[in-house]
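Whatever this is, show me its structure:
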Amino acid sequence: MSAAIEVEGLLKTYGGDVRALSGVALSVAAGEFVAVLGPSGAGKTTLFRCMTGLTRADAGSVRVHGRDLGAVDARGLRAARRHIALIFQQFNLIRRLTALQNVLAGRLAVVPTWRVLLRHFPATDRDLALRCLDRVGMMERAKARADQLSGGQQQRVAIARALAQEATVILADEPVASLDPESATGVLETLRTVAAAGVAVVASLHQVHLAMTYADRIVALRAGSVVQDAPVGRIDQRAIEQIYERNGEAA
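Sure, this is the predicted structure:
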């Protein structure tokens, strides 16, 4: 199965001596849900920033559908990023806009900027946004302002926005860290459904039991290095838990 996103030999240091990533390799196929585990300082956020091209690695490569993000010009990088959606811990919605308007913002890369600024979208884009809200169970709240939604509902709107972008890779950086257990379960159920529909999903998590429940595969980081990478059924859960009992060395 071909990789939707592939990382090889990523090395990233800060200040010359703080090594955040040390030869990280990772490949995620379409339709796969991969959970990245590791304590604070393990390198998860740096990995996600390199995977989106927001941070340039010192060595190694990130390829999205075969396109090396480090070997393209600015225009090529923008084109590659259209395939990648990043979901944040704090939802990153515009609170005064409705759920539907926030989802339509996912069309920024494919519609003229003036349409986004005036919130004047073609009917086809509005229909797409509504379908995306329906996919994440938020159709009934389409007209509600983001600041009227619960944390879990806001995160599902953020997922709908990624779907409206028509991203083929979704990177979710600690998507449930600020949610209560019930909301966290709903968000991870949604991400699993999205993956089952053919999107490559990578989520960084701290909760081992949630990763074991919802992910297809677990990648564990410690001090910037991959220490385990295996399907959930072959993961040694005790070995994963021990990662959190030690201090990571990377920022």
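
Regarding stretch 173-184, how distant is the last residue from the first?
Across its full length, stretch 173-184 reaches 13 Å end to end, with CA to CA, to the nearest Å as the criterion.

Now it: buried residues?
By neighbour count, and taking 16 or more other CB atoms under 10 Å as the criterion, the buried residues in stretch 173-184 are 173, 174, 175, 176, 179, 183, 184. The way it works is simple: take the backbone N, C-alpha and C, and place the C-beta from them, glycine included.

Distance check, the nearest residue to residue 71 once chain neighbours are set aside against residue 169.
Counting by CB to CB, 6 or more residues apart in numbering, the nearest residue to residue 71 once its immediate chain neighbours are dropped is residue 61, at 7.7 Å. When CB to CB, to the nearest Å is the yardstick, residue 61 and residue 169 sit 15 Å from each other.

ok, the two, which is more surrounded?
Ranked by neighbour count (other CB atoms under 10 Å), residue 61 and residue 169 place residue 169 first, with 24 against 16.

my read: that one touches residue 203, true?
No. At 11.8 Å, residue 169 and residue 203 do not qualify as touching, with contact defined as CB atoms under 8 Å.

can you pull out the strands in the stretch 1-150 of the chain?
Assigned by DSSP state E, counting those that start in this stretch, the strands in the stretch 1-150 of the chain fall at 3-14, 18-29, 33-37, 59-64, 67-68, 84-87.

Which of those strands sits closest to residue 230?
Evaluated with CB to CB, the strands of the stretch 1-150 of the chain place strand 33-37 nearest to residue 230, the distance being 10.8 Å.

Kindly calculate the angle that that closest one makes with strand 3-14.
Between the axis of strand 33-37 and that of strand 3-14 there is an angle of 20 degrees, by axes from the mean of the first three to the mean of the last three CA atoms, to 10 degrees.

Can you tell me the strand partners of strand 33-37 and which way each runs?
In its sheet, strand 33-37 lies beside strand 200-205 (parallel), strand 217-222 (parallel), with partners assigned from DSSP bridges.

I'd like those as a markdown table, with distance to residue 42 and mean pLDDT appended.
Converted to a markdown table, these look like this (distance: least, CB to CB, whole Å; pLDDT from 0 to 100):
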| stretch | distance to residue 42 | mean pLDDT |
| --- | --- | --- |
| strand 200-205 | 9 | 96 |
| strand 217-222 | 4 | 94 |
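
can you pull out the helices in this structure?
Counting by DSSP state H, the chain has helices at residues 44-52, 74-81, 99-104, 113-118, 123-135, 151-164, 181-196, 208-214, 237-243.

Residue 189: neighbour count?
For residue 189, the number of neighbouring residues by other CB under 10 Å comes to 15.

Let me fix that, I meant to ask about residue 155.
Tallying neighbours of residue 155 according to other CB under 10 Å, which is how burial is gauged here, yields 31.

Tell me the confidence at it?
On the pLDDT scale, residue 155 is placed at 94.

Just say which of the strands of the stretch 1-150 of the chain is most tucked in.
Between the strands of the stretch 1-150 of the chain, the one whose residues have the most neighbours on average, counting mean count of other CB atoms under 10 Å, is strand 33-37 (a mean of 26).
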